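> let me see the structure of the following:
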Amino acid sequence: MPGIQSNGLDNSFPVIPALTTRILIAINHFLLAYNTMSTPLKDALARTQSLISQATIFVVDDNAFFRIGLREVLRKAGYLVVEAENGERALKKMETNTPDLIISDISMPVMDGYAFFKAVRENPEWVGIPFIFLTAYNTQGDIIEGKKLGVEDYLTKPIDYSELLITVQAKLARFRELKLLQLQFAYEASLTMLANAIEVRDSYTRGHVERVTAYAETVAKSLQWSQEEINILRFGAILHDIGKIQIRDEILHKPGPLTPEEREEIETHPIVGAQMLAGIPFLEKVAPIVRHHHERWDGQGYPDGLSGEEIPMAARIVTLVDTFDAITTTRPYRVARSPEVARAELAKNAGTMLDPHLVEAFLQLCKTGAIETIARQWRNEAP
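Residues are numbered from 1 along each chain as shown. A predicted model of the protein is given here:
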């Protein structure tokens, strides 16, 4: 699989020759998502202000002299400006040039500002574009009509250019942040699709990715982690078993004990998973979670035999919630056990397999009902 090997897989591991179509589609979605986000989101957010000055602004007004004046002010501020004399002409230009912001007069021939605004909002690709109305009178009727349509910003002619630039900057900054947030959601959805495509090879783990991710996020929030830390943890939880893409189906589905050779193969999946993420800047901090989610508090885990606080805390959280989910869902080698049994198992393994402090935090969350709420939402119905 050239696409995977180019992401840093060690060719000494066995490559499965035939993957399901769904897995290949998911990998394609993942790679497309990565190509659209080659730098970390936080770096992109830090560059928001520099990006604002490169924005394309549509100025729509039937008064040519006013458009020229507005154009010069915006160009001097560093913006790209496209002019149109009415809404109809603006819509035509938007077919080939999508603006980052629109400034439009209300009273125009052919298509006025209200009709133009409605047409823009009817197109799903344009629905989020910031829109500023210009009015010559600032009448209550204009404002009420605009509010009904969803317009929030009005500027009254003659324009105070300082006010105009401040309003434009604020609207563009918010627009950029929303676009980056949407991109993050799309990226996470693609990663979840990839993880689920791998999990679908084993129908017993249906919903596993979503449950483990939700459990992990709930634990992190209870520990008052920052949103940045939680975001990294979420991706780690989503991708923790991505390395299983190279494990043979007969091993994943085997109902009985594994042979030493089979166990050796399955224990490669954390290394394979971490190698798959190598060289992807946005997932650089996620790779240690994937690599170390099978380490044990007492040092008896794999692949590196780390112990105690040597194990990244995010990996310890994934280990804990992954264990809980494994106990409470049906697997090829045993049926699901009750949450009560699972909680007892966690308590029993605190200080040996699991971080005792995290076990205590998780059991407290169980008492509040937070864990059971997630379990009900993603209930695993065994076939």
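> shouldn't V60 be in contact with E88?
No - with contact defined as Cβ atoms under 8 Å, V60 does not count as touching E88 (9.9 Å). Every residue, glycine included, has its C-beta placed from N, CA and C.
> of these two, who's got more company?
V60 (27 against 16; other Cβ atoms under 10 Å).
> how about the more buried one, nearest residue that isn't a chain neighbour?
Once flanking residues are discounted, V60 sits nearest to S104: 4.1 Å by Cβ to Cβ, 6 or more residues apart in numbering.
> tell me the pLDDT of the one you found.
According to the prediction, S104 has pLDDT 91.
> am I right that it sits in a helix?
No - applying DSSP: H, G, I helix; E, B strand; the rest coil, one finds S104 to be strand, outside a helix.
> neighbours around it, how many?
Using other Cβ under 10 Å, S104 has 24 other residues around it.
> for it, give the beta-bridge partners.
V60, F133 (DSSP bridges).
> that one and K171: what is the separation?
As judged by Cβ to Cβ, to the nearest Å, S104 and K171 stand 13 Å apart.
> who touches both of these two?
Shared contacts of S104 and K171 (Cβ atoms under 8 Å, 6 or more residues apart in numbering): I132.
> from A314, how far off is E228?
12 Å.
> now do the SS call for R263.
With three-state DSSP as the basis, R263 sits in helix.
> next, count neighbours for it.
The burial count for R263: 12, using other Cβ under 10 Å.
> what pLDDT is listed against it?
91.
> also E145?
56.
> over to the one 5 residues further on?
At G150, the pLDDT value in this model is 54.
> kindly report the same for N63.
Predicted confidence (pLDDT) for N63: 89.
> not counting sequence-adjacent ones, nearest residue to it?
Nearest one to N63, counting by Cβ to Cβ, 6+ apart, is D105 at 7.4 Å.
> and that neighbour, what does it touch?
60-63, 66, 113, 133-135.
> identify the contacts common to V60 and E88.
F116.
> what is the neighbour count of P124?
Using other Cβ under 10 Å, P124 has 7 neighbouring residues.
> measure A344 to L363 for me?
Using Cβ to Cβ, one obtains 10 Å as the distance from A344 to L363.
> how about T56, nearest residue that isn't a chain neighbour?
L80 (4.5 Å).
> my read: the one you found touches R71, true?
No - counting by Cβ under 8 Å, L80 stays clear of R71, with 10.2 Å between them.
> can you name the element that comes right after the helix or strand where T167 lies?
Using DSSP states H and E, T167 falls within helix 161-199. Per DSSP H and E, the first helix or strand lying C-terminal to helix 161-199 is helix 208-222.
> mind checking the pLDDT average for the helix or strand following that following helix?
Sequence-wise, the next helix or strand downstream of helix 208-222 (DSSP H and E) is helix 227-239. Across helix 227-239, the average pLDDT comes to 90.
> sorry, back to before: pLDDT (mean, whole number) over the helix holding T167?
70.
> list the contacts of the residue lying closest to K157 once chain neighbours are set aside.
Excluding the flanking residues, the one nearest K157 by Cβ to Cβ, 6+ apart is A136, at 4.7 Å. By Cβ under 8 Å, 6+ apart, the residues touching A136 are 107, 156-157.
> that older thread, where does the residue nearest to T56 fall, phi/psi-wise?
Torsion angles at L80 (phi, psi; degrees, to the nearest 10) stand at phi -90, psi 130.
> can you mark which positions in the one helix or strand R75 maps to are buried?
Take DSSP H and E as the rule and R75 turns out to sit in helix 64-76. Buried residues in helix 64-76, defined by neighbour count with 16 or more other Cβ atoms under 10 Å: 66-67, 70-71, 73-74.
> cool, stretch 103-112 as well?
Buried-residue list, stretch 103-112, by 16+ other Cβ under 10 Å: 103-106, 108, 111-112.
> ditto for stretch 78-91
79, 81-91.
> before we move on, what about stretch 94-101?
Here stretch 94-101 shows 94, 99-101 as buried, counting by 16+ other Cβ under 10 Å.
> show me how this structure divides into domains.
Domain assignment for the chain by automatic domain parsing gives 2-36+185-377, 53-159.
> out of the ones you listed, which is closest to R176?
domain 53-159 (8.1 Å; Cβ to Cβ).
> picking up where we left off before, closest to G351 out of the buried residues of stretch 94-101?
Once Cβ to Cβ is applied, the member of these that ends up nearest G351 is D100, at 55.1 Å.
> residues contacting F131?
Residues in contact with F131 (Cβ under 8 Å, 6+ apart) are 101-102, 104, 117, 120, 151, 153.
> most neighbours among those residues, which one?
I102 (26 neighbours).
> and the buried residues of stretch 94-101, which of them are in helices?
Within those, residues falling in helices by DSSP state H are M94.
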